[in-house]
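In: Next come a sequence and a model predicted from it.
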There are 2 protein chains.
Amino acid sequence: MESRSVQAAPARRRRVGREERERQILDAAVAVFSERGYANASMDAVAERVGVTKPVLYTHFGSKEGLLLACVAQARTELLEVTAAAAAAATTPEDMLRRGTRAFFEFLDERAAAFSLLYSEARIAADAVEGIRAQQTDFIAALLGAAAPDAAPLQLQGWAQVIVGACERLAVWRAQDKRVTTEDATEYLMDLAWTGLQGRASGARAR
Amino acid sequence: MESRSVQAAPARRRRVGREERERQILDAAVAVFSERGYANASMDAVAERVGVTKPVLYTHFGSKEGLLLACVAQARTELLEVTAAAAAAATTPEDMLRRGTRAFFEFLDERAAAFSLLYSEARIAADAVEGIRAQQTDFIAALLGAAAPDAAPLQLQGWAQVIVGACERLAVWRAQDKRVTTEDATEYLMDLAWTGLQGRASGARAR
DNA sequence: GCCAGTAAGTTACCACGAGTAAGTTGGGTC
DNA sequence: GACCCAACTTACTCGTGGTAACTTACTGGC
C-alpha cells in the first residue's frame, strides 16, 4: 500500500540476464562514484540507481572495492585501444607522439566520468590504476625504442614515465581550466617532450 | 588487572600541552595512514599509537578528514621550502630546473611516508593535494617566465604542468624500481623537458 | 499444461568504525 | 589547600559495508 503505483506500471521489473545486469551496474557505479566520490557513495545508492537491492551488487562484484576495480578495468581496456589505434595511423615518431597524446585527451573528454574516477580515486584502486599507467608506459617506451634504438631500456622507461605523468597532469589541468583545448595540451606536451625548452629559454639569459 | 604494568610505569601519562599533542598526533597519523592506507586506518589506531583515546583527536582536528588535511598541509609547506631553496642557488634556467627537480626527488626520499600519503591518497585530500600542485606549477611557471619572457602565460602554465606531472610520475616509478637514482630521474626529466627528444629520435627514421 | 530446479532477488539482520555527549581528573594559581 | 579549567575518558549513537536465509520468476522436460 505504497508502491505498486497508481494503476499501470505494476512495478513488474525483475529478472534481467546476467550480462545486461552487470553492464547496468557498472554504468550506475561509474556515475555514482564519480558524482559523490567513492568514499561518500553508498552501495545502496548504486543499487537504487539500477533498481535492485544491495545483495545483487555483491553477487556480481563481491565487494565495493571489487565494483570499483571492475569500473577501472573497463576504462583501461578502452584507453589502450584508443591510443594504440591513433599511434598506428602515424608515420614519423613525432607524429606518433602527437597523435597518441591527442587521442588520450580526446578519450578523457568523451568519458569525463570514468576519468574522474580513474585519476581522483583512492588508494583502493591504486594498484589497478598503476597497472593502467604501466600499460601506457610500456606502450610508449616501445614506440620510443623504435625511434631511438641506441637508448638504454631504463632510459626509455624513464622518458615514457615523463610523458605519461605529463599527460595525466595536463588532463587534470584541462578539467579545471576549460580554456585549454586538446590541441593546446598536445602542443605543450610536444613543446617539452619533443622540442625541449633549450632553444626557447636560451634567448633570455638567466641574468 | 591487565594493564598497569608490572610495577614501575604506573600508566601515569596524562596532561600534555596542546602543541606537543598536535605534533604527536600528526606524526602518528602520517605513520598509520601511510602504513594501512587512509581508508583502512581507524581513528582508534591513530589514538592508540599516541597513547590517548579517540575524542582527543577530534578536539584537535575535528574529523578524520581534517586530520588527513593537516598532514597534507604540513608536507606542502616543507615541499615548497625545499624546492625554492634549491632553485635559488642556481644561476642558469637549466641549472634551476635541474636543481629544483633533484631537490624534489630528494625530499620525497627522506619523507617516504608523507609521500605515499600525498600521492596515493584519495579524493578526500584531492583538493589539498591539488593545491600543492598549484603551488608548484605557479612556482615553476614563474621560473620559466623569467627564462622565456616571450611565452604566453597559458603556455608557461602548460609547460609547468608537464614538468610537475612528469616529476610526480617519476617519483612513483622510483618508489617501485629502486635501481632509479635521484640523478637518473632528474636526467630523464631534463632529457625531455630541456633537450627534447627531437635530436635523439631523428637519428632513426620512422621507416 | 504442469511441475521441478535453479538463477535472480529480497528482507532482515550483524559488525565495525566515525563521531559525540557527558562525566572525570590532573595540575597550575591564588 | 581549595578552586578552576583544560585535557582526557567512558559509553554511547548512527550510518554503511557485508551476509544469511528466505522468496519468486523463468526454464526445460514430461
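Out: Perfect, thanks for sending it.

In: Around DNA strand C, pick out the residues from chain A.
Out: Residues of chain A lying close to DNA strand C (Cβ under 7 Å from any atom of the strand) are A:14-18, A:21, A:52-56, A:59. Where C-beta positions appear, they are placed from N, C-alpha and C, glycine not excepted.

In: Show me which of the residues you listed are buried.
Out: Burial by neighbour count, judged by 16 or more other Cβ atoms under 10 Å in any protein chain shown, picks out A:21, A:52, A:56 from the residues of chain A next to DNA strand C.

In: A:Glu65 - how many residues pack around it?
Out: Neighbour count of A:Glu65, defined by other Cβ atoms under 10 Å in any protein chain shown: 15.

In: how far away is it from chain B?
Out: 9 Å (Cβ to the nearest Cβ, to the nearest Å).

In: How is that residue assigned, secondary-structure-wise?
Out: Put simply, A:Glu65 is helix when judged by DSSP: H, G, I helix; E, B strand; the rest coil.

In: Could you work out the most separated pair of the residues of chain A next to DNA strand C?
Out: Largest separation among the residues of chain A next to DNA strand C by Cβ to Cβ: A:Gly17 and A:Lys54, giving 19.9 Å.

In: Just give me the neighbour total for A:Met43.
Out: Other residues near A:Met43 number 19, with proximity taken as other Cβ under 10 Å.

In: give me every residue that touches the closest residue to it other than its chain neighbours.
Out: Leaving aside its chain neighbours, A:Met43 sits nearest to A:Lys54 (5.2 Å; criterion: Cβ to Cβ, 6 or more residues apart in numbering or on different chains). Residues in contact with A:Lys54 (Cβ atoms under 8 Å, 6 or more residues apart in numbering or on different chains) are A:43-44, A:47.

In: which residues in chain A form helices?
Out: For chain A, the helices defined by DSSP state H cover A:18-36, A:43-50, A:54-61, A:64-88, A:93-110, A:112-120, A:126-147, A:153-176, A:182-190, A:198-202.

In: which of the residues in the first one are buried?
Out: Applying a neighbour-count criterion of 16+ other Cβ under 10 Å, one finds A:21, A:24-26, A:28-34 buried in helix A:18-36.

In: Chain B next: which of those residues are close?
Out: Subset of those in contact with chain B: empty, counting by Cβ under 8 Å from any Cβ of the partner chain.

In: what's the closest of those to A:Ala73?
Out: For these, the minimum distance to A:Ala73 (Cβ to Cβ) is 9.7 Å, reached by A:Leu26.

In: Would you confirm that that closest one contacts A:Leu68?
Out: No. With contact defined as Cβ atoms under 8 Å, A:Leu26 does not count as touching A:Leu68 (10.4 Å).

In: Can you give me the pLDDT of A:Gln198?
Out: pLDDT, A:Gln198: 69.

In: Most tightly packed of the helices of chain A?
Out: helix A:153-176 (a mean of 23; mean count of other Cβ atoms under 10 Å in any protein chain shown).

In: now that one: mean pLDDT?
Out: 90.

In: by how many degrees do it and helix B:153-176 diverge?
Out: 130 degrees (axes from the mean of the first three to the mean of the last three Cα atoms, to 10 degrees).

In: who does helix A:153-176 touch, helix- and strand-wise?
Out: helix A:93-110, helix A:112-120, helix A:126-147, helix A:182-190, helix B:153-176, helix B:182-190 (3 or more Cβ pairs under 8 Å, 6 or more residues apart in numbering or on different chains; DSSP states H and E).

In: rank the ones you listed by pLDDT, which is bottom?
Out: Looking at the helices and strands packed on helix A:153-176, the bottom one is helix A:112-120 with a mean of 73.

In: Output that helix as PDB, restricted to C-alpha atoms.
Out: Backbone C-alpha positions of helix A:112-120 (Å, rounded to 0.1, in the frame of the first residue of the first chain) are rendered in PDB as follows:
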ATOM      1  CA  ALA A 112      34.700  12.500 -18.200                       C
ATOM      2  CA  ALA A 113      33.100  10.500 -15.500                       C
ATOM      3  CA  ALA A 114      35.300   7.500 -15.900                       C
ATOM      4  CA  PHE A 115      38.200   9.900 -16.000                       C
ATOM      5  CA  SER A 116      37.500  11.500 -12.700                       C
ATOM      6  CA  LEU A 117      37.100   8.000 -11.200                       C
ATOM      7  CA  LEU A 118      40.500   6.900 -12.500                       C
ATOM      8  CA  TYR A 119      42.500   9.900 -11.600                       C
ATOM      9  CA  SER A 120      40.900  11.200  -8.400                       C
END
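
In: What does the pLDDT read for the closest residue to A:Glu94 other than its chain neighbours?
Out: Closest residue to A:Glu94 apart from its sequence neighbours, by Cβ to Cβ, 6+ apart: A:Trp194 at 5.8 Å. At A:Trp194, the predicted lDDT confidence score is 83.

In: Surely A:Trp194 is in contact with B:Gly196?
Out: Yes. If you go by Cβ under 8 Å, A:Trp194 and B:Gly196 touch, sitting 5.4 Å apart.

In: who has more neighbours, these two?
Out: B:Gly196 (21 against 18).

In: what's the distance between the closest residue to the more buried one other than its chain neighbours and A:Pro93?
Out: The shortest distance from B:Gly196 to any residue other than its chain neighbours is 2.7 Å, reached at A:Gly196 (Cβ to Cβ, 6+ apart). Between A:Gly196 and A:Pro93 the distance is 15 Å, computed by Cβ to Cβ, to the nearest Å.

In: Phi first, then psi, for A:Gly51.
Out: phi 100, psi 30 (degrees, to the nearest 10).
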